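Enquirer: please find the sequence and the predicted model below.
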Amino acid sequence: MANEVKLLSGSSHMELTNKVASRLGIEVARTMSLNYSNQETSVTIGESVRDEDVFIIQSTAPGDINNGLMELLIMIHACRTASPNFPYARQDKKDKSRAPISARLVANMLQTAGANRMSPTDRDIQAQGLPLLTICALADIVTVDLHASQIQGFFNVPVDNLYAEPSFLRYIRENLQVDECVIVSPDAGGAKRATAIADRLNIPFALIHKERPRPNVVGRMVLVGDVKDKVAILVDDMADTCGTLAKAAAVLKENDAKSVLALVTHGILSGSAIETINKSCLTHLVVTNTVPLGDKINQCPKLRVIDLSPTLAEAIRRTHNGESVSYLFTHAPV
């Protein structure tokens with residue numbers, strides 16, 4: 001008999017987990033997570049997960065990233081994981097002497113905690129009493145729009161990095177006049193992401209070159225490309241303090257863009273981000289629900305949210321059934 005799907009949730013984003021569960025037609029498994037007075041995290045699984053395919057959904061809530069990561073590591077110790085937002089993703093390279101590559105450390109911790117997936121063949125091997133781990137130690141991490149693709153190389157196990165791009169394409173086609181648009185990358189690092197969307201839509205592409213004197217602080221910006229009388233669409237993987245987006249939007253308007261909106265996968269929106277967006281010349285900031293937004297939607301009338309729970313649910317279904325997940329790299333479920 002085929003194993004059943006057990007869906008567990010960390011405490012960071014129950015809303016997203018409930019939507020995924022509803023899409024799959026299952027209930028979220030019972031868990032309890034609490035912090036002791038000394039801030040140690042305790043997690044209890046409230047039902048049996050023996051011989052089940054278990055998926056944990058855990059995002060990284062702004063202001064509570066380390067507690068969320070620790071909770072995820074503890075839950076993984078007994079289960080297998082799917083995580084839409086990878087913490088410490090921006091610390092993916094050594095940019096100065098004596099600086100750590102924290103993203104690699106997080107990758108190692110996830111694997112050490114025991115995140116793994118068995119294929120049907122592996123289960124047959126295990127049922128025969130053979131030493132499975134010495135034959136095939138197959139693991140799987142599921143993320144959405146990693147900050148840098150090289151993070152996948154930090155793992156010694158397969159990583160399914162899903163993309164928000166198919167959902168962005170659908171949003172643009174359903175809400176905008178495509179032939180009036182131009183896709184803009186707010187920095188050189190996001191050029192590949194932006195050009196991929198521009199190519200799929202067969203529309204122009206532009207780039208903003210920026211200088212950062214220090215982290216989260218944007219210096220001079222220069223536009224490369226033409227946005228005159230166009231709807232400029234800024235595309236990025238995460239919006240943190242939103243200083244880059246606000247300044248980029250101003251540069252685009254200075255270069256005679258008709259209007260400017262931003263499509264961003266992870267809406268972290270920390271610090272004074274909401275105030276920055278409200279005061280900016282952006283018409284809309286469109287984010288996905290990989291990160292819990294809380295009351296920020298009410299505070300920011302420019303904020304729009306794309307639901308990625310169908311994509312995550314389909315990734316879980318395909319993983320459970322041993323099907324390819326690569327279809328989701330280019331298609332958004334209906």
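Expert: Structure received. Only a predicted model underlies this, so the values are computations on that prediction, with no experimental measurement involved. Residues are numbered from 1 along each chain as shown.

Enquirer: would you state the helices of this protein in chain order?
Expert: Secondary structure of the chain (DSSP state H): helices at 14-24, 65-76, 102-113, 120-127, 132-135, 165-175, 191-201, 243-254, 273-279, 296-299, 309-320.

Enquirer: lowest-confidence stretch among the ones you listed?
Expert: Sorting the helices of the chain by mean pLDDT places helix 132-135 lowest, at a mean of 28.

Enquirer: looking at the helices of the chain, spot the one closest to Leu207.
Expert: Distance to Leu207, taken as CB to CB, is lowest for helix 191-201 among these, at 5.8 Å. (C-beta placed from N, C-alpha, C; glycine too.)

Enquirer: do you know how far Ile274 is from Asp295?
Expert: 10 Å (CB to CB, to the nearest Å).

Enquirer: residues contacting Glu47?
Expert: Residues in contact with Glu47, defined by CB atoms under 8 Å, 6 or more residues apart in numbering, are Lys6, Ala29, Arg30.

Enquirer: touching, the first one and Arg50? I think so.
Expert: No. In this structure, Lys6 sits apart from Arg50 without contact. The criterion is CB atoms under 8 Å, and the distance is 9.9 Å.

Enquirer: and the two? which has more neighbours close in?
Expert: Neighbours per residue (other CB atoms under 10 Å) separate Lys6 from Arg50, with Lys6 holding more: 21 against 7.

Enquirer: partner residues bridging the more buried one?
Expert: Val54 (DSSP bridges).

Enquirer: for it, give me its contacts.
Expert: Ala29, Glu47, Val49, Glu52, Asp53, Val54, Phe55, Cys79.

Enquirer: for His147, state which of those is nearest.
Expert: For these, the nearest to His147 is Phe55 (22.5 Å; CB to CB).

Enquirer: look up how far Ala29 lies from the closest one.
Expert: For Phe55 relative to Ala29 (CB to CB), the value is 10 Å.

Enquirer: swap in Ile76?
Expert: Applying CB to CB to Ile76 and Ala29 gives a distance of 14 Å.

Enquirer: so those two - more neighbours on which side?
Expert: Neighbour tally, Ile76 and Ala29, criterion other CB under 10 Å: the higher count belongs to Ile76, 26 against 22.
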